[in-house]
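K.L.:
The following comprises the amino acid sequence and a computationally predicted model.
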Amino acid sequence: MILYLLHNPSVQARCYKEIQDVVGSGRLPSMADRPNMPYIQAVLHEVLRIANIAITGPPHTVDEDVIFHGYVIPKHTVVFANLDSVLADDKVWGDAGVFRPERFLDENGQLVKREEFIPFSIGRRVCFGESLAKMELFLFMTTLIQRFEFKPVDPDKLPTLKGVLGLTHTVSLFCNFYRRVSVKCLQRRSVIPITDTIP
Ligand code: HEM
């Protein structure tokens, strides 16, 4: 998410404004704030869609012969579900390659559920940690954006959005964290240590 915020400073600014409007600077964001922060939720959805970390999910096998779209998949064949075939499909999203959080908002600015949003897969083996992951992402990102502004190390050269495909789909990121003035208002025990540049 930090990488996409570096590339989209106006999105970062709008996230910060929503945090200021709903939480302010005097306390930490909590899960009780989440329903009141549709824009940040839309940004998280868009990051999970466009930068899906588990493109195929783990391997599964079919436990009986299956005919799928005219193809015979014999019993015990190892199969991978290509989640990106939906998450990055222009026929579904129109402009799948574009980072556009608004696609998850309705005309009133409220979060909309899209059945094609499947970064955690679907069905019986859907990700066991989906709720936990969404909660962690919300709390981590709102807390970080409340305290820091993310800026590229070299303003003339943004880090690449191109991912590295391995067991998971990942990126390498170098970025500067600038402490926001408002952080002074937070209680000391809630201040986290920082370094200027994170790998
Ligand atoms: C952004 C974060 C995460 C993403 C995108 C993600 C995505 C996925 C995907 C695509 C699968 C494969 C589902 C399938 O086989 O069809 C999966 C499985 C699984 N995930 Fe996650 N996951 C995330 C975080 C977590 C976390 C935080 C936990 C646990 C604390 C977790 C626990 C699991 C488990 C246990 C399975 C296997 C479920 C099963 O086979 O029944 N995941 N996840």
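P.N.:
That came in fine, so what should we check first?
K.L.:
what about the strands in the chain?
P.N.:
60-61, 66-68, 71-73, 78-79, 148-152, 164-165, 169-170, 175-179, 197-198 (DSSP state E).
K.L.:
between those, which gets the lowest average pLDDT?
P.N.:
Lowest mean pLDDT of those: strand 197-198, a mean of 48.
K.L.:
Show me what from the protein comes close to the ligand.
P.N.:
Residues of the chain found near the ligand (Cβ under 6 Å from any ligand atom) are 53-54, 57-58, 81, 119-121, 125-129, 132-133. Every C-beta, even on glycine, is put in place using the N, C-alpha and C of the backbone.
K.L.:
closest to Met141 among those residues?
P.N.:
Ala133 (12.0 Å; Cβ to Cβ).
K.L.:
wait, that closest one sits on Pro119?
P.N.:
No - contact between Ala133 and Pro119 fails when scored by Cβ atoms under 8 Å: they sit 9.2 Å apart.
K.L.:
Which one's more surrounded, those two?
P.N.:
Ranked by neighbour count (other Cβ atoms under 10 Å), Ala133 and Pro119 place Pro119 first, with 22 against 16.
K.L.:
how about the nearest residue to that one, chain neighbours excluded?
P.N.:
Leu48 (4.3 Å; Cβ to Cβ, 6 or more residues apart in numbering).
K.L.:
Over to Gly163?
P.N.:
Nearest to Gly163 is His169, by Cβ to Cβ, 6+ apart, at 4.7 Å.
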